[in-house]
Each structure stands twice: as C-alpha cells, then as structure tokens.
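In: Need a 3D model of the following:
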Amino acid sequence: MLESVVKRIPLSWSSQVLLLGVTVGLVTYYAFGKKKYKLPPGPSALPLIGHLREINSDPPIFKKLLKWRKEYGPAITIYFGPLTCVTLNSAESVNEALVKKAADYAGRFQTWSMGFTTDGYKNIVFSDVNPSWKQLRKIGLQGLRQCLSGNKLEEKLFESASKVMKRIKEENGKPIDIQKYISLLVFNLLHGVCFNKSFDIDDQVFLELLNSLDKVSSDFGNGFLEDVFPPLRKYPTAKFRKIMSTFAYFQDFIDDEFKNHLENFSEDNMNDFTDYMLNARKQAVLEDPSVDSIITNSHLSQCVKDIFIAGVDTTRLTITWTILLLVTHPEIQKKVQAELDEVLDAGQAPTLRDRERLPYTEAVLHESMRLYPVVPMGLPHTTRCDTTIGEYEIPKGTLVMINHWALHHDPEAWKDPDVFRPERFLDVDGKLAPKTMSWIPFSAGRRNCLGETVARPELHLMLALLLRNTKFSCPDGQTMDMNRVVTNGSFSFVPPLNYVIAEQRQ
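Out: The predicted structure is shown next:
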C-alpha cells in the first residue's frame with residue numbers, strides 16, 4: 001500500500017527513497033521517541049497508512065465506529081496515516097469533552113487544505129481559538145442578531161419562498177427534483193441575508209454556484225492526502241486541484257459582493273449581514289482600536305463565506321431529507337399538515353411566532369436531523385492541552401472527532417433508532433421535550449454552530465411554509481429510494497436523487 005502511494009508522487013527514484021526514509025523515521029520517532037500516553041483503544045492499524053483503508057471503504061467510518069464501540073468503548077482511537085485521531089461515540093464522552101472540559105477540547109484541528117481555502121484560517125469555522133477568532137465570532141454574532149432582528153428573517157424567507165412556490169406550481173404536478181427547488185429557496189434566503197439580493201431558478205450565476213457546492217459535497221470524501229502526506233503539497237492530486245478551483249470560484253463571488261458592500265457602506269442604509277458586520281467591526285474599533293489590526297477585511301469576507309456556505313449546504317440537505325422522509329411516511333406528513341391547519345386560520349401563513357404552537361412540526365425536523373445528520377462526523381476539534389477522556393490520556397494537539405451518527409443512532413438512547421418516529425421528541429403533553437446530549441446536530445460547547453440560533457427557527461418556518469401550501473408524494477408506479485445514499489466518506493450525508501410530485505393544497 002505504501003509503495004503504491006509513493007509511486008503516485010512524481011519524484012525521482014532517489015527522492016522517493018528519501019521520502020520513504022523520512023516517513024519511517026517520523027513513525028519511529030512517534031512510536032518510540034515521544035512520551036507515552038494511555039490513548040483510548042481501537043482496532044489494529046497498518047503501519048504508516050493506519051486505518052485509511054477502513055476510512056475509505058463501505059460501510060462509512062461513522063457506522064463502523066458505532067459497531068466498534070461494543071468492543072472498544074465510547075472513545076476509540078483511529079489513524080489517518082500517521083495522524084492520531086480520537087473519536088467520541090457516546091453522549092457521555094461528548095458531554096465530558098465539549099461541556100465539562102470545554103476549554104480543553106475547544107481547539108480546531110487545522111489542516112493545510114483548510115488554511116489554503118480560508119486565507120490562512122481567517123474565518124470562524126476553521127480558525128483555532130485565538131484573539132482574532134474570539135473577536136470575529138463576537139462581531140459575527142452581533143451582525144447576525146442585528147440583521148435578523150424583528151421580522152427581517154421572516155420577510156426574506158417569505159420573499160424566497162414565494163418565488164419557489166410559484167415555480168413549483170408551474171410544474172403542475174409533474175415529477176420534479178425537489179432538491180433543486182429547495183436549493184433555490186435556501187440559496188436565495190442566504191443571498192438575501194448576506195447581500196440583500198435574490199436569484200431566479202434559471203439564473204446562470206445561481207446554477208454555477210449551486211453546481212460548485214454540489215461538486216464539493218460529492219468530491220470531498222474523507223479529505224485530502226495532502227493533509228496527511230506533506231510532500232504531496234508540492235505536486236497536488238487531481239482531486240485537490242479540482243476542489244480548490246471550485247472553492248476559488250465561490251470565494252471570488254463572495255469577495256466581489258463584499259467589496260461592493262465595503263465601497264458603498266452607510267450606517268444610514270444597512271440591509272444585510274455584511275452591512276451589519278461591517279458596522280459591528282466599526283463599533284468594536286471605537287471601543288478598542290487594536291481590533292482594526294486584528295480583524296481585517298479578509299477576516300470579514302471569510303466570515304460571510306462561513307455563513308453562506310454552511311447555511312446553504314446544511315439547510316438544503318436537511319430540508320430535502322425531511323421532505324423525502326415525509327413522502328415515504330405520508331401519515332406523518334398528514335399529521336404535520338393537520339397541526340398547521342388547526343393552529344393557523346384559513347389562508348394564514350405560518351410565522352416565527354407560531355413556532356411554539358407547532359411542536360409536532362418541530363419534532364419532525366428533529367427526527368429528520370437525528371436519522372440523517374448531514375455532517376455525521378462533525379468538524380474536527382483538537383485538544384489545547386494534555387487532558388483526559390474517562391480513564392484515558394489525550395495529548396495536547398490531538399485530533400478529536402465527534403461521531404454525531406453514533407449519538408443519533410445509539411440503541412441505548414433511542415428505541416428502534418432506525419425508525420422515523422417524530423413522537424420520540426415530544427413529552428406526555430405533546431410539547432417539545434428537553435434536548436439531550438444524544439441529539440446534537442449543531443454540536444455543543446465553545447465550538448457549537450455560530451448560526452444555530454438562526455438555523456433552527458429558519459428550518460422550522462421553511463418546513464411549515466412548504467407543508468402549509470404543498471402536498472408531496474411519490475410519482476405513480478415509483479418507490480422512494482432512501483438507501484442509495486451518497487455518504488462522501490465521513491464529511492456529508494447527501495440525499496439520493498428522487499423525483500416527487502408537489503401539488504398545491506386546497
């Protein structure tokens with residue numbers, strides 16, 4: 001296996017021998033020259049390549065880890081080549097790490113590829129804990145709160161939804177790729193939130209940007225060999241070049257919009273997240289002039305990209321999964337629509353104020369996110385100091401991954417974990433039950449999702465609007481295929497292509 005990897009690197013024979021020697025030397029050092037830690041157990045790993053074969057084969061690694069938990073316990077060590085990774089696969093271990101020892105596990109594991117796409121980790125998602133990250137997160141949260149205060153989120157969502165509903169109605173009951181329309185709904189919403197603009201479904205810029213996101217989702221897999229084997233950075237793989245080109249296209253789009261906002265910024269005319277974030281930085285500089293050098297325009301542009309890409313991709317996949325589940329469970333779809341009809345007056349559209357009165361609708365979303373977590377292994381953490389998990393020792397700088405799939409499918413926490421049953425999220429009075437650590441689609445602790453406070457009401461209102469106006473069903477003579485899932489390694493859980501009938505409700 002190692003020989004085949006080495007041969008793929010376009011170096012001279014002598015350079016390949018040198019590379020092999022350096023690699024063996026590093027492995028020897030890590031095996032015998034460093035302080036020994038009592039790491040969590042795990043399956044035996046092959047020399048040099050670790051568990052790369054297991055990680056890149058079916059079933060996906062997050063499912064294997066849930067199976068291995070019976071043998072090795074909730075904390076399991078695996079190896080990405082020579083890189084040590086501790087995975088946490090139970091609510092108890094995740095609670096210990098992200099809540100009880102939040103400061104220890106708050107680091108973000110930084111890879112060369114992510115530094116490449118974020119202008120040197122100048123965003124929130126992939127930056128490690130440092131003064132600029134803390135300040136940028138504060139500015140980003142302030143910008144989100146201000147730009148979505150009052151009815152602003154509703155207004156932007158209604159505007160986007162009306163466009164999509166019109167296009168769905170024009171299809172007149174024909175089978176449609178529902179993800180395409182949901183993507184337009186979500187993309188336009190985030191485009192409105194970030195830049196106060198919207199697209200039509202046939203707009204070429206929209207189609208190209210959407211195609212870019214699809215390419216990243218389908219091609220990313222379990223990451224890049226360049227992050228594991230540094231010599232490859234000099235001669236990047238075709239996969240790396242392709243995805244970086246896609247990221248560059250999206251970044252150029254964000255940069256152009258940001259530059260336009262920067263040139264035309266006015267405190268008297270703020271309309272979107274970018275405006276409010278620019279204003280939040282201005283206010284922060286007035287309070288502390290050092291912020292001007294800590295938070296640059298590049299930091300702000302990268303923050304907008306965080307909100308845009310993360311918001312679009314996770315939301316559209318979540319809503320698509322939910323619609324497909326409701327098509328395969330028409331009795332549950334009818335229950336949601338019955339709740340909407342009971343709570344709302346004839347002709348009345350749902351609003352954010354109605355959310356508490358629509359607990360079953362919320363439970364359907366929770367159950368969808370439990371069954372199909374769109375980022376099943378979450379984003380990589382790293383330890384900021386020597387610490388522990390249970391009886392085991394975790395060295396400073398260790399890669400730590402949270403297995404959301406394992407938590408969401410834990411048979412000890414969920415009865416019949418593979419069954420779609422929204423009622424499990426309701427209490428005896430039919431109200432939404434308290435959230436548990438066995439359900440954390442937005443993560444927890446210091447690195448929880450920046451947009452959670454926006455995403456949860458946004459998802460609820462989006463689903464309520466769709467189901468208030470539309471009945472979704474399977475085309476005659478066809479069955480919904482929910483098993484042909486594109487897992488893309490451990491990175492994302494993409495719904496399979498299924499055509500549905502969308503009919504206007506009377």
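In: how about the longest helix along the chain: buried residues?
Out: Longest helix in the chain by number of residues, with DSSP state H as the criterion: helix 238-263. Residues of helix 238-263 classed as buried: 240, 243-244, 246-247, 250-251, 253-255, 257-258, 261 (neighbour count, 16 or more other CB atoms under 10 Å). Where C-beta positions appear, they are placed from N, C-alpha and C, glycine not excepted.
In: cool, stretch 193-210 as well?
Out: Using 16+ other CB under 10 Å as the burial criterion, the residues of stretch 193-210 that qualify are 193, 194, 195, 196, 198, 199, 201, 206, 209, 210.
In: show me where pLDDT drops low in this protein?
Out: The chain contains residues with pLDDT under 70 at 1-35, 217-222, 484-491.
In: Now do the strands for it: every range, in order, please.
Out: Secondary structure of the chain (DSSP state E): strands located at 75-80, 83-88, 107-108, 176-177, 381-382, 387-389, 392-394, 399-402, 470-473, 499-504.
In: what pairs with the fourth one, and is each one parallel or antiparallel?
Out: Strand pairing for strand 176-177, determined by DSSP bridges: strand 499-504 (antiparallel).
In: And the second one, by the same measure?
Out: Each strand that pairs with strand 83-88, with its direction, by DSSP bridges: strand 75-80 (antiparallel), strand 399-402 (parallel).
In: mind listing what the residue lying closest to residue 179 once chain neighbours are set aside touches?
Out: For residue 179, the nearest residue in space outside its immediate sequence neighbours is residue 320; the separation is 4.5 Å by CB to CB, 6 or more residues apart in numbering. Residues in contact with residue 320 (CB atoms under 8 Å, 6 or more residues apart in numbering) are 178, 179, 182, 495.
In: Can you select the buried ones among those for me in PyMOL?
Out: What follows is the PyMOL syntax selecting those of the contacts of residue 320 that are buried according to 16+ other CB under 10 Å:
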select buried, resi 178+179+182+495
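In: Keep only those of the contacts of residue 320 that are in helices.
Out: Cross-referencing these against helices under DSSP H gives 178, 179, 182.
In: Rebuild the strands of the chain as TSV, extending it with mean neighbour count and distance to residue 189.
Out: Putting the strands of the chain into TSV (neighbours: other CB atoms under 10 Å; distance: least, CB to CB, whole Å) gives the following:
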stretch	mean neighbour count	distance to residue 189
strand 75-80	23	35
strand 83-88	22	33
strand 107-108	22	27
strand 176-177	15	19
strand 381-382	22	29
strand 387-389	20	39
strand 392-394	20	40
strand 399-402	24	27
strand 470-473	18	17
strand 499-504	18	19
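In: So which of those is nearest residue 480?
Out: When these are compared by CB to CB, strand 499-504 sits nearest residue 480, at 8.0 Å.
In: So what touches the closest one?
Out: Residues external to strand 499-504 that are found in contact with it (CB under 8 Å, 6+ apart): 168-169, 171, 173-178, 181, 323-324, 327, 469-475, 478, 480.
In: Would you mind putting the CA coordinates of it into CSV?
Out: Once side chains and other backbone atoms are set aside, the C-alpha atoms of strand 499-504 remain, and they are given as CSV (Å, rounded to 0.1, in the frame of the first residue of the first chain):
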residue,chain,number,x,y,z
TYR,A,499,-38.4,12.8,-8.1
VAL,A,500,-41.5,13.8,-6.2
ILE,A,501,-44.9,15.2,-7.1
ALA,A,502,-45.6,18.6,-5.5
GLU,A,503,-49.3,19.5,-5.6
GLN,A,504,-50.9,22.7,-4.2
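In: Now do that strand: distance to the chain's middle.
Out: Between the mean C-alpha point of strand 499-504 and the mean C-alpha point of its chain there is a distance of 27 Å (CA atoms, centre = their mean, to the nearest Å).
In: In contact with residue 418, which residues?
Out: Neighbour list for residue 418: 371, 409 [criterion: CB under 8 Å, 6+ apart].
In: rewinding a little: mind giving me a markdown table with the strands of the chain and columns for distance to residue 36?
Out: Written out in a markdown table, the entries for the strands of the chain read as follows (distance: least, CB to CB, whole Å):
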| stretch | distance to residue 36 |
| --- | --- |
| strand 75-80 | 14 |
| strand 83-88 | 13 |
| strand 107-108 | 22 |
| strand 176-177 | 54 |
| strand 381-382 | 20 |
| strand 387-389 | 15 |
| strand 392-394 | 9 |
| strand 399-402 | 18 |
| strand 470-473 | 57 |
| strand 499-504 | 56 |
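In: Looking at those, spot the one closest to residue 338.
Out: Checking the strands of the chain against residue 338 by CB to CB gives strand 470-473 as the closest, at 12.3 Å.
In: tell me what that closest one is packed against?
Out: If contacts are counted by 3 or more CB pairs under 8 Å, 6 or more residues apart in numbering; DSSP states H and E, strand 470-473 sits against helix 311-328, helix 330-343, strand 499-504.
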